[in-house]
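**Student:** any chance you can model this:
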Amino acid sequence: MKNNIPLFCFAILLNLDLSAQSLVPEKSTIMHNDKTRPCLMLKLDPEPKMLKNAWINFLEKEYDFKLKGMGWFSNKDLLHAEEVTILKLSSRKMDFYTHVVEDENGSEMKVFASLGYDIYLNEENYPVEFKALNEMMLSFLKQYLPEYYNHKIEETSERVVSLTKEIKSLNEDIKDNNDHIDKLAKEIDEYKVNLKEKSQKLKDAEIKLKGRQDKLERIRIKLQKL
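**Tutor:** Reported below is the predicted structural model:
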């Protein structure tokens with residue numbers, strides 16, 4: 001069974017609806033400050049909270065800034081970092097945003113940035129920065145998704161092993177109980193035969209007892225007449 005576990009888990013992953021995921025960022029839009037803004041979007045399997053924490057850790061480690069909006073008592077859809085310098089994107093200070101919400105398959109993640117009031121990164125006016133933003137998200141995917149699915153495979157493998165042990169134990173219990181049932185059935189058959197024999201002997205003894213009681217009564221009557 002152990003040799004089949006990796007194949008089993010791989011089959012589970014193949015059954016995931018990969019078409020629901022966008023493994024490369026897609027151009028999209030988002031409403032922000034009462035206007036439609038350009039952004040890059042991903043649709044991913046991980047649930048929002050897990051995805052947001054992974055994204056925050058990635059940006060802090062690789063780009064040296066921290067998004068706000070997640071904490072002990074906070075779990076906002078819109079994460080933000082104000083007036084940060086992200087040299088791999090631009091030498092200018094910017095406000096950086098990430099909007100993550102749950103969708104029918106996992107999470108929808110939209111990333112966008114502003115260089116000032118009403119100045120948002122877009123492919124037309126800021127092609128270099130917009131491309132760098134795309135590369136940032138791709139780098140995150142390459143690092144995070146393998147870790148995510150390796151963790152899921154490990155969880156599933158452990159579940160397969162656990163269920164295999166449970167099924168084996170149940171089968172053994174069934175066999176033991178069936179053996180016990182067979183033994184009890186044989187004992188019951190023996191009890192039935194024994195009961196039948198004892199019942200017949202009881203009937204014979206009762207007849208004999210009645211006969212002897214009658215005989216005793218007759219003898220008493222005769223003895224009284226002597």
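
**Student:** that's a helix at residue 133, yeah?
**Tutor:** Yes. Under DSSP: H, G, I helix; E, B strand; the rest coil, residue 133 sits within a helix.

**Student:** isn't it up against residue 111?
**Tutor:** Yes. Judged on Cβ atoms under 8 Å, residue 133 makes contact with residue 111 at a distance of 6.5 Å. Glycine gets a C-beta too; all of them are placed from N, C-alpha and C.

**Student:** shared neighbours of those two, anything?
**Tutor:** 25, 40 (Cβ atoms under 8 Å, 6 or more residues apart in numbering).

**Student:** report how many residues lie close to the closest residue in space to residue 23 that isn't next to it in sequence.
**Tutor:** Nearest residue to residue 23, sequence neighbours excluded (Cβ to Cβ, 6 or more residues apart in numbering): residue 141, at 6.5 Å. Counted with other Cβ atoms under 10 Å, residues neighbouring residue 141 total 19.

**Student:** do residue 145 as well
**Tutor:** If you count neighbours by other Cβ under 10 Å, residue 145 ends up with 16.

**Student:** show me what the one helix or strand residue 76 maps to is packed against.
**Tutor:** Using DSSP states H and E, residue 76 sits within strand 74-85. The contact analysis (3 or more Cβ pairs under 8 Å, 6 or more residues apart in numbering; DSSP states H and E) places strand 74-85 against helix 48-62, strand 68-71, strand 93-102.
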